[in-house]
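In: turn this into a structure:
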Amino acid sequence: MISHKVRSITVCTSASFYRQSWKIKERLEKQGFRVSMPHTAKVMRRTGNYQVSHYKVWYKDKNLFKRKALLMARHFREIEKGDAILVLNLNKKGSRGYIGGNVLMEMALAFYLKKPIYIWRTVQQSQPFYEEILGMEPIFLNGKVE
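Out: Predicted structure coming up:
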């Protein structure tokens, strides 16, 4: 359960889950939370194009990795402004409850800033970074925001 002290939540998740993240955002807003989404998730929704490879332009041109850096810094500022983060960890690459490197960095920032870290699903022991994830003492929601 999300603490009554939390008023604003920043969603942190793999770009592969951006389409699904909008339903979670709506559920959170119905509970009275202000919800911040990643910039690319907003672009995907506006354009209707959820093809992740379309947005990862830095793989085609190494000079565009600065775009990746800007997107990361932008979301870090949203984490800093919010009261808590919600890690939406769905299934990807055969991993139940996938958390990738970028989301791990976002979790580390929230941990450092002493913000509550909520995780949508439990994390499997086989998950990379299992030890680090549990070391940040997250609160597992088990798919429930109520």
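
In: going by C-alpha atoms from here, please, whenever you check contacts or count neighbours.
Out: Fine.

In: can you pull the buried residues of the helix or strand where E131 lies?
Out: Taking DSSP states H and E as the criterion, E131 maps to helix 130-135. In terms of neighbour count (16 or more other CA atoms under 10 Å), helix 130-135 has its buried residues at I133.

In: now the strands for the chain?
Out: 8-13, 34-36, 84-88, 117-119, 139-140 (DSSP state E).

In: what is the fourth one packed up against?
Out: In this case it means strand 117-119. Contacts defined by 3 or more CA pairs under 8 Å, 6 or more residues apart in numbering; DSSP states H and E place strand 117-119 against strand 84-88, helix 101-112, strand 139-140.

In: again, 10 Å this time
Out: Helices and strands touching strand 117-119, as assessed by 3 or more CA pairs under 10 Å, 6 or more residues apart in numbering; DSSP states H and E, comprise strand 8-13, strand 84-88, helix 101-112, strand 139-140.

In: and it, which strands flank it?
Out: Counting by DSSP bridges, the strands paired with strand 117-119 are strand 84-88 (parallel), strand 139-140 (parallel).

In: please state the offset of the shortest one from the chain centre?
Out: When you say that, I think you mean strand 139-140. Averaging C-alpha positions (CA atoms, centre = their mean, to the nearest Å) puts strand 139-140 14 Å from its chain's average.

In: what's the neighbour count on the nearest residue to M44 once chain neighbours are set aside?
Out: Of all residues not flanking M44 in the chain, Y50 sits nearest, at 5.3 Å (CA to CA, 6 or more residues apart in numbering). For Y50, the count of nearby residues is 19 (other CA atoms under 10 Å).

In: please apply the same query to the one 4 residues further on.
Out: H54: 9 surrounding residues under other CA under 10 Å.

In: residues in contact with it?
Out: H54 makes contact with M44, according to CA atoms under 10 Å, 6 or more residues apart in numbering.

In: re the thing from before, list the contacts of the helix holding E131.
Out: I99, L104, M107, A108, F111, I117, I119, V123, Q124, Q125, Q127, F129.

In: out of the residues you listed, show me where the pLDDT dips lowest.
Out: Within the set of those, pLDDT is lowest for Q127 (86).
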